[in-house]
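Chemist: please work out how this folds:
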Amino acid sequence: MKFAVLTLVFGAIALAGPTDGHADGSGKGLQGRYFMVVRGYQAPDNDVVKAHTFVSFYRGEQLRSQNNPPTISWLPSSGVVHIFGSERGRNFSLAQTMAMAHQTGREVKSWGPYEISPELYRRGLRRIQLLRSRRIAYSMMSTSPRSMNCIDAAGDITPRTPRHGTVVGVCRQLGSGSPFFALHQDHRQSGQGPSAGSWGS
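Modeler: The predicted model follows:
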C-alpha cells in the first residue's frame with residue numbers, strides 16, 4: 001500500500017532530524033528541547049478523501065511518557081470529508097484520530113520525532129487554540145474564506161510562505177506523484193486558500 005507522506009517545510013527553521021531519544025535513561029538530556037511527530041494514513045484505493053495527515057508536538061521530557069500530546073488533526077466535525085464546500089471543523093486528539101483510523105481499517109504511518117525550535121512548538125499550540133475557537137471551518141479545497149484542510153492546519157504555521165509558491169505542507173506519495181500533492185499545490189500556486197501568515201499563528 002502506498003501512503004501519503006507529509007513533508008513539512010518550515011522556511012528558515014531547520015529541523016534537526018530524527019532524534020534517537022537516548023540522552024540518558026531519565027530523559028534529562030531532553031529537557032528544554034521540543035519535538036514533533038508527523039503521522040498520516042491513506043486508504044488502499046488512494047482516495048484523497050480518505051487520506052489524513054496530523055502532527056503532534058512534544059516537550060523533550062515528555063517525549064516518552066506523553067500519551068495525549070498537543071495534536072493538530074483537523075477534520076470535519078463529523079469525521080467524514082467532502083471534496084466540495086466547507087463545514088464545521090473539529091480538531092481531534094491523537095487518541096481520537098488513531099481510533100478513527102483503526103475503526104476504518106487504515107494503517108497509520110509515522111515520521112519522527114523531529115526536533116523543532118521552541119517558537120515552532122509555541123506556534124503549534126497557538127494553531128490548536130485557533131482551531132478550537134470555531135473561527136475556522138473545514139474545507140478540503142481550502143477555497144472558502146477562513147477555512148483550512150488538514151494540510152493547511154498542520155503545515156502552515158510559519159510566519160511566511162517559502163519562495164516560488166512552494167507549499168508549506170507538501171504531500172507526496174511514495175514512488176509516484178500524488179493527486180493530493182498536485183491538488184494542494186495547484187490551488188496554492190493559484191493564490192487560493194490561506195497564506196502561511198494569515199491565521200495569527
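
Chemist: where do the strands sit along the protein?
Modeler: 4-8, 34-41, 52-59, 71-72, 74-76, 87-91, 109-116, 137-138, 147-148, 169-173 (DSSP state E).

Chemist: mean neighbour count, mean pLDDT and distance to residue 97 added to these, as CSV?
Modeler: Just so you know, the C-beta spots here come from the backbone N, C-alpha and C atoms, and that holds for glycine as well. Formatted as CSV, these follow (neighbours: other CB atoms under 10 Å; pLDDT from 0 to 100; distance: least, CB to CB, whole Å):
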stretch, mean neighbour count, mean pLDDT, distance to residue 97
strand 4-8, 20, 41, 14
strand 34-41, 22, 95, 8
strand 52-59, 25, 96, 6
strand 71-72, 24, 97, 7
strand 74-76, 22, 97, 8
strand 87-91, 19, 96, 10
strand 109-116, 18, 94, 12
strand 137-138, 22, 96, 14
strand 147-148, 24, 94, 16
strand 169-173, 21, 33, 17
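
Chemist: low-confidence stretches in this protein?
Modeler: Low-confidence segments of the chain (pLDDT under 70): 1-28, 158-201.

Chemist: quick check: buried residues in the lengthiest helix in the chain?
Modeler: Of all segments of type helix in the chain, defined using DSSP state H, the longest is helix 118-132. Within helix 118-132, the residues that count as buried by 16 or more other CB atoms under 10 Å are 120, 121, 123, 124, 127, 128, 130, 131.

Chemist: surely residue 130 meets residue 136?
Modeler: Yes. The pair residue 130 and residue 136 qualifies as a contact (CB atoms under 8 Å) at a distance of 6.3 Å.

Chemist: out of the strands of the chain, which gets nearest to residue 103?
Modeler: Nearest of the strands of the chain to residue 103, taken as CB to CB: strand 34-41 at 11.6 Å.

Chemist: given the closest one, what are its sheet partners and their directions?
Modeler: strand 52-59 (antiparallel), strand 109-116 (antiparallel) (DSSP bridges).

Chemist: quick one, the last one and helix 118-132 angle?
Modeler: To tie it back to what came earlier, the one meant is strand 109-116. 130 degrees (axes from the mean of the first three to the mean of the last three CA atoms, to 10 degrees).
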